[in-house]
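Peer 1: task: produce atomic coordinates for the following.
(one chain, ligands or ions: 1)
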Amino acid sequence: MLEKAYQEKQLGGTSLKNVFIKTATFEGMYDNGIPNQKLIDHHTDMAKGGVALTTVSYGAVSNEGRTFKTQMYIHDESLKELKRLADSVHEAGGKVSIQLTHCGYFSKNTSIKKPLAPSRVFNEYGALVGLMFSKEMDRNDLDKCKNDFAEAALKL
Ligand SMILES: Cc1cc2nc3c(=O)[nH]c(=O)nc-3n(C[C@H](O)[C@H](O)[C@H](O)COP(=O)(O)O)c2cc1C
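Peer 2: Numbering: from 1, shown residues only. All right, here's what the predicted structure looks like:
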């Protein structure tokens, strides 16, 4: 029975050496929004331990998609470190995915004026740092958000 778990499996367009997939569990291992060596080591250790696919959590697709301002978002500087992370995981025999995200209204990212969300709602998370309410997204905001997801995916 357990042997089955160690058989190669197909997941979409990629093959996995077994069925063990590490889900996204927010690591918070960044230095000023850039993934750090701890994050690289953490995911490399997953691969060394036999996990077929490890998942880097919470890759915000833009600065305004961040829950707080030291969180990672997809841009050139973080991409360099994510590339190092992917190389290291591959070298250890694993594969790696990333969770692409946008925090919506739930933000205390003080580098933005207002969090963007489907509606104007009270932001209990950011209220104490002055981000009391979200802004209801208009057509341009929605298009930008959609493009940010597409661009982030293409850059990775
Ligand atoms: C400490 C911790 C952090 C988590 N962070 C994330 C996250 O960043 N993104 C996400 O989609 N899920 C996150 N999760 C949810 C897990 O990925 C997983 O779906 C959840 O723990 C259910 O799986 P389980 O029943 O095996 O625990 C987190 C869970 C824990 C315990």
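Peer 1: what number of residues lie near K80?
Peer 2: By other CB atoms under 10 Å, the residues close to K80 number 12. For every residue, glycine as well, the C-beta is placed using N, CA and C.
Peer 1: ok, it to F20 distance?
Peer 2: 28 Å (CB to CB, to the nearest Å).
Peer 1: ditto for G50
Peer 2: 6 Å.
Peer 1: show me what from this structure comes close to the ligand.
Peer 2: T23, A24, T25, F26, S57, Y58, Q99 (CB under 6 Å from any ligand atom).
Peer 1: quick one: the fourth one is in a helix?
Peer 2: No. Remark: F26 does not belong to a helix; assigned using DSSP: H, G, I helix; E, B strand; the rest coil, it is coil.
Peer 1: what ranges do the strands span in this structure?
Peer 2: 9-11, 14-16, 30-31, 34-35, 53-60, 95-101, 116-117, 135-136 (DSSP state E).
Peer 1: dump the residue contacts of the residue most central in space within the chain.
Peer 2: By CA atoms, centre = their mean, the mean C-alpha position of the chain lies nearest to G59, the distance being 2.1 Å. Contact partners of G59, counting by CB atoms under 8 Å, 6 or more residues apart in numbering, are M72, Y73, I74, S78, L82, I98, Q99, L100, T101, A152, L156.
Peer 1: quick one, what contacts Q71?
Peer 2: Y30, G33, Y58, A60, N109.
Peer 1: which one of those is nearest Y6?
Peer 2: Nearest to Y6 among the contacts of Q71 is Y58, at 29.6 Å by CB to CB.
Peer 1: count of residues packed around D41?
Peer 2: Neighbours around D41, by other CB under 10 Å: 14.
Peer 1: quick one: pLDDT of it?
Peer 2: pLDDT, D41: 98.
Peer 1: distance of it from the ligand?
Peer 2: Distance, D41 to the ligand, using CB to the nearest ligand atom, to the nearest Å: 18 Å.
Peer 1: so which residues of the chain form helices?
Peer 2: Using DSSP state H, the helices of the chain run over 2-5, 37-48, 76-91, 139-155.
Peer 1: can you name the residues in contact with the longest one?
Peer 2: By that I understand helix 139-155. G59, V61, S62, G65, I74, L79, L100, H102, L116, K135, M137.
Peer 1: who wins for neighbours among the residues you listed?
Peer 2: Most surrounded of the contacts of helix 139-155: other CB under 10 Å gives G65, at 26 neighbours.
Peer 1: coming back round to it: which one of the helices of the chain has the most crowded surroundings?
Peer 2: Mean neighbour count (mean count of other CB atoms under 10 Å) peaks for helix 37-48 among the helices of the chain, with a mean of 18.
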